[in-house]
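*Asks:* Curious how this folds, go ahead:
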Amino acid sequence: MKKSKIRFMVFCLLMTILIITGGCHFTKSPTAAVNYMEKFQNGVYPSVGYAGSDDTDIDSYYTTDNYSGDSVYWVGYYSPNLQKERCLIKFDMTSLVPTTAVVTGAYLTINVSSCRGSNIYTAYALSSPFDVSTATWLLRNSIHSWNDVAGGGDYNPTIYSDNITIDSAGTFVFTLNTSTVQDWVTYPSDNFGVIIKAYNESTGDNEFEMASGINSSAALRPVLKVYYTLQ
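*Replies:* Predicted coordinates:
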């Protein structure tokens, strides 16, 4: 009998013994996490039919005015009127990002058309819902005041984006709090959006004008970009 045939028979015998005795195990490799990215922008992403971004301006000088029909908003502080200007913005991600997704990063992009002075701006997580068509400095919807009796929006001062300096026209990106966006994805009813406000709301003329979610130039509208994984 040839040596090669003998070796083959010995190999087969050893494999049979290993399988019978449990000494040989075949395991399936774990499925690697898959990375995804989803963008949200009215009339553009994830499709031209998307209209889930709501935003409006609230103003401490014009306390009963709603600005949701405007194509641009002012955000910051205007000292002649002791005027605080803030932007409320929310993106609906329901059914577009799976509730089982693990968020790894989230970014809010705004386009600034003009600017007065220089200020530091932050996007804070809103802690109360708002109605985009009726929200004002004093009211979050047509009948309910903000929890803060002074108005100006309800937000958690400890949950915020990075701080960015805006001192010119251009495109600016806030890095949002990942755990906040994770909560929006896992529990969509907790998605109240964010409020963009200036760090300095007491001195100087430091404000900027940004394109709203209904700006005639779709490319200038605010964008939310969410990175996530699925197992």
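*Asks:* now for the longest strand along the chain, which elements pack on it?
*Replies:* As assigned by DSSP state E, the longest strand anywhere in the chain is strand 102-116. Helices and strands touching strand 102-116, by 3 or more CB pairs under 8 Å, 6 or more residues apart in numbering; DSSP states H and E, are strand 72-78, strand 170-175, helix 178-186, strand 205-211, strand 223-230. Placement of C-beta: from N, CA and C, glycine included.
*Asks:* mind listing what's buried in the longest one?
*Replies:* Counting neighbours by 16 or more other CB atoms under 10 Å, one finds that the buried residues in helix 178-186 are 178, 180, 181, 182, 183, 184, 185.
*Asks:* Please tabulate these in CSV, including the columns pLDDT and distance to residue 162.
*Replies:* Converted to CSV, the buried residues of helix 178-186 look like this (pLDDT from 0 to 100; distance: CB to CB, whole Å):
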residue, pLDDT, distance to residue 162
178, 97, 12
180, 96, 13
181, 98, 14
182, 97, 17
183, 97, 18
184, 97, 18
185, 98, 20
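*Asks:* sorry, back to before: among the helices and strands packed on strand 102-116, which comes closest to residue 146?
*Replies:* Residue 146 lies closest to strand 72-78 among those, at 17.5 Å (CB to CB).
*Asks:* Give me the below-cutoff pLDDT ranges for this protein.
*Replies:* 1-31 (pLDDT under 70).
*Asks:* can you give me the helices in it?
*Replies:* For the chain, applying DSSP state H gives helices covering 3-21, 178-186.
*Asks:* quick one: stretch 140-156 to chain centroid distance?
*Replies:* Chain-centre distance of stretch 140-156: 21 Å, with CA atoms, centre = their mean, to the nearest Å.
*Asks:* My error: substitute stretch 100-107 in the last question.
*Replies:* 9 Å.
*Asks:* Name the residues that touch that stretch?
*Replies:* 33, 35-36, 173-178, 181-182, 185, 224-231 (CB atoms under 8 Å, 6 or more residues apart in numbering).
*Asks:* how about that stretch: buried residues?
*Replies:* 101, 103, 104, 106, 107.
*Asks:* Put the alpha carbons of it into CSV.
*Replies:* Backbone C-alpha positions of stretch 100-107 (Å, rounded to 0.1, in the frame of the first residue of the first chain) are rendered in CSV as follows:
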residue,chain,number,x,y,z
THR,A,100,-31.9,49.2,17.7
ALA,A,101,-29.1,51.3,16.1
VAL,A,102,-26.0,52.2,18.2
VAL,A,103,-25.2,55.9,17.5
THR,A,104,-21.5,56.6,17.2
GLY,A,105,-21.7,60.3,16.2
ALA,A,106,-24.1,63.1,15.2
TYR,A,107,-23.5,66.5,13.6
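*Asks:* hang on, the earlier thing: can you add distance to residue 68 and give the buried residues of stretch 100-107 back as a markdown table?
*Replies:* Listed next are the buried residues of stretch 100-107 as a markdown table, based on distance: CB to CB, whole Å:
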| residue | distance to residue 68 |
| --- | --- |
| 101 | 29 |
| 103 | 28 |
| 104 | 32 |
| 106 | 23 |
| 107 | 24 |
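*Asks:* tell me which of these is nearest to residue 153?
*Replies:* residue 106 (19.9 Å).
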